[in-house]
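>>> Here is my input, please return the structure:
(one chain, ligands or ions: 2)
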Amino acid sequence: MTAHDQQQRQEDEDLRLAQAARLRRTWLTPRGWRYWSAVNNTEVGVWYSVTAFFFFLFAGVLALMVRAQLAVPDNDLVTPGFYNQLFTLHGTMMMFLFAVPIFEAVAILIMPQMLAARDLPFPRLSAFGFWCFVIGGVFVAGSIFFGAAPDSGWFMYPPLATNKDTAGIGADIWLLGLSFIEIASIAAAVELIVGVLKCRPPGMRIHLMPLYCWYVLIVAGMILFAFPPLIAGDILFEAQRLLDWPFFDPARGGDPVLWQHLFWIFGHPEVYIIFLPSIALMAMIVPTFAQTPIVGYGWIVLAAVGTGFLSFGLWAHHMFTIGLPAISLGFFSAASEAVAIPTGVQIFVFLATMLAGRVIFAVPMLYAAGSLAIFVFGGLTGVMVAIAPFDWQAHDTHFIVAHLHYTLIGGMFFPLIGGLYYFYPFVAKKMLSDRLGKWAFWLMFAGFNITFLPMHFTGLRGMPRRVFTYPAGHGWDWLNLVSSVGAFVMAAGVLVVVWDLLRPGKRTAPPNPWKAGTLEWSTMDDEAWGVRSVPHVTSRYPLWDQPGISDDIDQGRGYLPDAAAGRRETLITSVLDAEPEQVLRLPANSFLPMLAAIFVGFSFIGATFHWWTPALISGVIGIGVIIVWLWTGTARIPEAATIDAGRGLTLPLYGSGPRSVGWWAMFITMVGDSTAFASLIFGYFFYWTIHTDFPPAGTTGPGQVWPAIAGLLAVIAWGLTLAARRANTAGLGARTRAALVLAAAAALGSGAALVMAITMTGLDPAAHVYDATVWVIALWTALHLVVGVIMQLYCCARSHAGHLGPAHDIDLQNIVLYWHFAVITAVVTVAVTGLFPLAS
Ligand code: HEM
Ligand SMILES: [Cu+2]
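Numbering: from 1, shown residues only. Ligands and ions are numbered 1, 2, ... in the order given. Just a heads-up that it's a prediction; the model follows:
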């Protein structure tokens with residue numbers, strides 16, 4: 001049927017109603033207790049946002065307790081030990097349980113409709129990420145009620161945090177709880193990247209997509225490179241706490257500075273991971289209220305990419321006081337100043353857009369303006385502390401506390417609340433109150449400045465941060481009192497927002513209430529299907545430039561107007577030009593993601609308390625649930641090869657290799673995984689640079705024989721996996737399975753040889769950091785080989801069950817991709833642990 005025929009056909013109202021009924025049935029959100037099996041972004045996105053906001057309120061109450069304690073000198077409202085828990089948990093929760101998750105939550109919630117997609121490509125993965133987040137978050141936050149919260153500051157420096165006498169179970173809760181949440185964050189990042197790249201509507205070439213999506217792409221990419229170093233650091237850290245492997249213990253060759261590097265290689269980009277998504281909200285808000293397209297689209301994209309890129313080269317400015325060589329001081333100082341340039345470009349783009357248009361000062365715009373004012377102030381103190389000699393004075397004082405809150409609250413909190421007022425009608429189909437929104441703004445804006453401005457002065461007058469009280473008479477007294485009063489004023493503003501959210505009787509939102517130009521505003525109907533049909537897009541602001549587009553979408557004149565097979569479907573397009581490629585079948589609601597999160601989560605929690613057996617059992621069950629989930633929900637062979645996608649387009653229902661979303665997800669995941677591995681290798685060479693003899697005299701290291709065997713077998717396993725793919729393409733099922741089984745055997749052999757390499761050669765991981773580092777690298781690789789074996793056997797079973805064939809080989813393509821990475825990991829491991837000692 002041509003596009004014209006479809007136009008004609010869609011004039012028939014009965015047909016439209018029948019289509020809508022089928023769509024509704026397909027996308028139905030279950031009721032009752034089954035509601036919690038929903039995986040749709042319209043539900044998961046809301047749960048995710050609400051949970052992250054709840055954690056913000058919780059961390060905010062902790063901050064109020066901190067401020068209450070600091071209100072007057074020599075206060076004894078809380079004990080010093082409890083104070084340590086308060087500020088550590090406050091910082092930790094704000095960063096890990098609020099600022100990053102809320103970005104992912106909001107993106108999951110709004111991005112599909114912005115792209116006129118029915119959902120993101122892996123709804124169950126979003127749900128899994130959400131449940132991991134809830135479980136991990138409640139575990140970390142709940143620890144405070146047992147007096148067991150982490151208490152070594154949000155960056156957990158050793159030796160304070162590795163020493164069991166100074167840091168108790170709280171440190172383990174921090175390490176394991178957050179590692180678990182980081183995994184969820186990475187999962188969400190993978191989902192969002194593939195969503196931006198592959199789920200755009202036809203015609204929306206990459207330079208036409210909303211700026212918000214650019215930011216999501218950049219930030220999710222940053223998560224992929226920033227979180228894995230922290231995960232690697234967590235592994236080393238936990239190995240030291242649990243097994244006494246001396247990574248950070250100088251007496252046995254370790255060095256606490258390695259943790260600082262790994263933490264801040266994560267920690268500085270983290271600041272931008274938090275800040276850029278909020279800028280992204282502004283990039284949607286400002287053009288709408290200036291009633292004009294963004295000025296300098298290309299500039300802002302370039303600047304955002306530049307900020308993301310540069311932010312990875314700044315981390316050591318958090319370490320100016322540890323005695324860095326002068327050249328590092330100079331380099332990191334200059335690089336830190338340089339990031340002001342792309343940041344400034346983004347701000348000027350907003351100002352230029354406001355000047356180019358006629359600005360309507362609605363509530364979201366008020367927040368955007370307030371945010372710019374506060375953030376610029378924080379940026380200025382940032383330029384100050386980026387100068388090493390100034391930082392030596394200000395380091396660890398309340399000046400830093402002031403600086404970081406000006407950037408974080410200006411750069412993320414105010415835009416977020418602006419975004420809340422802006423997007424609330426899109427999500428809830430109701431309007432928040434203008435009056436309350438303004439009240440909240442002025443209370444929070446005034447309260448914020450009253451709280452944090454004085455901290456600049458107490459800080460410059462020498463008041464240290466993270467100290468539970470102070471004596472009178474240092475010129476800090478009244479400033480602290482003012483600051484504490486301000487915190488409660490700000491809290492009152494937050495309460496106004498909460499009241500506005502909860503208050504009954506809100507006004508129903510009119511269609512496109514802000515007269516915005518992007519697709520999420522094309523309709524106000526409250527359906528789980530996202531879009532009634534998928535439009536063809538030719539503009540950055542389709543609702544402004546393509547007259548009648550909303551009507552076309554709603555009348556089903558776009559692509560996919562129907563759900564004839566009763567299956568959830570969305571359109572997959574090419575990465576750059578958004579050419580239609582495939583109709584993707586999306587999985588429906590299921591409890592499996594929740595179950596998987598519960599079991600995997602419990603294995604982390606069990607490990608925290610050293611309940612090894614339950615933790616192990618729970619972990620194995622968790623993996624089992626994930627396998628069932630994959631088996632039943634992914635790579636299903638469709639009932640027909642192609643489907644009528646509407647508007648005269650026939651598309652395949654099955655895509656494999658680089659055309660499929662699964663392949664991209666695997667690729668992106670492995671990039672993140674390789675970053676974690678690279679961090680471990682970085683650790684090895686870090687120790688090598690600080691020691692004159694590494695491996696130390698007297699150690700044989702793993703030798704060359706075992707590593708060579710391991711390397712050889714890994715290459716064989718990889719080659720056999722490739723052979724399996726070839727046999728499968730040729731239609732030789734039995735030979736495919738044989739190759740896979742042989743490949744699995746070789747891979748197991750390789751893993752075993754790695755274990756031999758560390759256990760049979762006299763290495764003792766508790767004795768010296770060299771031994772421990774070799775152990776960790778070898779075990780990391782062995783674990784990856786085992787995961788590879790599970791994948792090979794999975795494909796073997798898929799082939800046996802008839803889910804894998806010459807034309808339907810998603811699973812096999814994906815594991816081949818995995819094995820490309822795995823074999824590189826193995827070869828690098830062999831080279832570094834086996835060969836490098838010969839050269840050094
Ligand atoms: C809601 C109002 C807030 C207030 C009144 C507040 C107050 C404070 C205070 C007084 C400290 C210093 C404690 C000390 O060093 O003794 C602190 C630390 C910190 N805050 Fe906030 N804060 C607020 C919001 C936020 C937000 C929104 C974020 C991040 C998105 C954040 C992140 C941090 C971090 C990372 C630390 C450092 C914790 C550490 O030293 O380990 N805060 N906050
Ligand atoms: Cu930084």
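
>>> got the contact list for the spatially closest residue to Ile347 that is not a sequence neighbour?
Spatial nearest neighbour of Ile347, excluding adjacent residues (C-beta to C-beta, 6 or more residues apart in numbering): Leu372 at 6.3 Å. Glycine gets a C-beta too; all of them are placed from N, C-alpha and C. Contact partners of Leu372, counting by C-beta atoms under 8 Å, 6 or more residues apart in numbering, are Ile347, Phe350, Gly410.

>>> which among those gets closest to Ala105?
Nearest to Ala105 among those: Gly410, at 20.9 Å, using C-beta to C-beta.

>>> Give me the pLDDT for that closest one.
Looking at Gly410, its pLDDT reads 93.

>>> Over to the one 3 residues further on?
On pLDDT, Phe413 comes in at 97.

>>> From ligand 1, how far off is Gly703?
Note on Gly703: its distance to ligand 1, by C-beta to the nearest ligand atom, to the nearest Å, is 44 Å.

>>> if we can go back for a sec, the contacts of Leu372 into a markdown table, with extra columns for distance to Cys199, secondary structure and neighbour count?
Supplementary listing: these in a markdown table, determined by distance: C-beta to C-beta, whole Å; DSSP: H, G, I helix; E, B strand; the rest coil; neighbours: other C-beta atoms under 10 Å:
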| residue | distance to Cys199 | secondary structure | neighbour count |
| --- | --- | --- | --- |
| Ile347 | 30 | helix | 16 |
| Phe350 | 27 | helix | 24 |
| Gly410 | 32 | helix | 25 |
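
>>> Can you lay out those as CSV showing distance to Gly517?
Shown next, in CSV, are the contacts of Leu372 (distance: C-beta to C-beta, whole Å):
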residue, distance to Gly517
Ile347, 22
Phe350, 16
Gly410, 27
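
>>> Contacting ligand 1 as well, which ones from those?
Filtering those for proximity to ligand 1 (criterion: C-beta under 6 Å from any ligand atom) leaves nothing.

>>> Can you tell me which of the residues you listed is nearest Pro121?
Phe350 (31.4 Å).

>>> now that closest one: how far from Trp315?
Noted for Phe350: a distance of 27 Å to Trp315, by C-beta to C-beta, to the nearest Å.

>>> Let me see the mean pLDDT of the helix or strand the residue nearest to Ile347 falls within.
When elements are defined using DSSP states H and E, Leu372 is found to belong to helix 363-385. Here helix 363-385 scores 94 as its mean pLDDT.

>>> can you pull the buried residues of it?
Within helix 363-385, the residues that count as buried by 16 or more other C-beta atoms under 10 Å are 363-372, 374-379, 381-382, 385.

>>> ditto for stretch 824-840
Thr825, Ala826, Val827, Val828, Thr829, Val830, Val832, Thr833, Gly834, Phe836, Pro837.

>>> Stretch 29-40 too?
Buried residues in stretch 29-40, counting neighbours by 16+ other C-beta under 10 Å, are found at Ser37, Ala38, Val39, Asn40.

>>> now stretch 504-520
Along stretch 504-520, these residues count as buried under the neighbour rule (16+ other C-beta under 10 Å): Lys506, Ala509, Asn512, Pro513, Trp514, Ala516, Gly517, Thr518, Leu519, Glu520.

>>> Quick one: name the residues of the stretch 351-500 of the chain near ligand 1.
Val401, Leu404, His405, Leu408, Ile409, Met412, Phe413, Thr451, Arg465, Arg466, Ala487, Met490.

>>> Save those residues as a markdown table, and put in secondary structure and neighbour count too.
Putting those into a markdown table (DSSP: H, G, I helix; E, B strand; the rest coil; neighbours: other C-beta atoms under 10 Å) gives the following:
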| residue | secondary structure | neighbour count |
| --- | --- | --- |
| Val401 | helix | 23 |
| Leu404 | helix | 18 |
| His405 | helix | 19 |
| Leu408 | helix | 20 |
| Ile409 | helix | 22 |
| Met412 | helix | 26 |
| Phe413 | helix | 25 |
| Thr451 | helix | 25 |
| Arg465 | coil | 18 |
| Arg466 | coil | 16 |
| Ala487 | helix | 23 |
| Met490 | helix | 26 |
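
>>> Redo these as CSV? Include distance to Tyr421.
Rendered in CSV, the data for these read as follows (distance: C-beta to C-beta, whole Å):
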residue, distance to Tyr421
Val401, 28
Leu404, 25
His405, 22
Leu408, 20
Ile409, 17
Met412, 15
Phe413, 13
Thr451, 22
Arg465, 33
Arg466, 35
Ala487, 23
Met490, 17
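
>>> who in this protein is up against ligand 1?
Contact residues, the chain versus ligand 1 (C-beta under 6 Å from any ligand atom): 60, 63, 66-67, 87-88, 90-91, 94-95, 99, 153-154, 401, 404-405, 408-409, 412-413, 451, 465-466, 487, 490.

>>> Scan this protein for its longest helix.
The helix that spans the most residues within the chain, counting by DSSP state H, is helix 256-290.

>>> Let me know the average pLDDT across that helix.
Taken as a whole, helix 256-290 carries a mean pLDDT of 94.

>>> Quick one: end-to-end length of stretch 727-738, please.
Distance between the two ends of stretch 727-738: 10 Å, counting by C-alpha to C-alpha, to the nearest Å.

>>> And that stretch, how far out from the chain middle?
Distance of stretch 727-738 from its chain centroid, counting by C-alpha atoms, centre = their mean, to the nearest Å, is 38 Å.

>>> one step back: who does the longest helix of the chain touch, helix- and strand-wise?
Contacts of helix 256-290 with other secondary structure elements, assessed using 3 or more C-beta pairs under 8 Å, 6 or more residues apart in numbering; DSSP states H and E, are made with helix 100-114, helix 211-243, helix 297-310, helix 340-356, helix 363-385, helix 398-408, helix 414-428, helix 661-690.

>>> how about 6 Å then?
Identification of packing neighbours for helix 256-290 by 3 or more C-beta pairs under 6 Å, 6 or more residues apart in numbering; DSSP states H and E yields helix 211-243, helix 340-356, helix 363-385, helix 414-428.

>>> Where helices are concerned, which of the buried residues of stretch 824-840 count?
Thr825, Ala826, Val827, Val828, Thr829, Phe836, Pro837.

>>> Can you report how many residues lie near Met156?
Using other C-beta atoms under 10 Å, Met156 is surrounded by 24 other residues.
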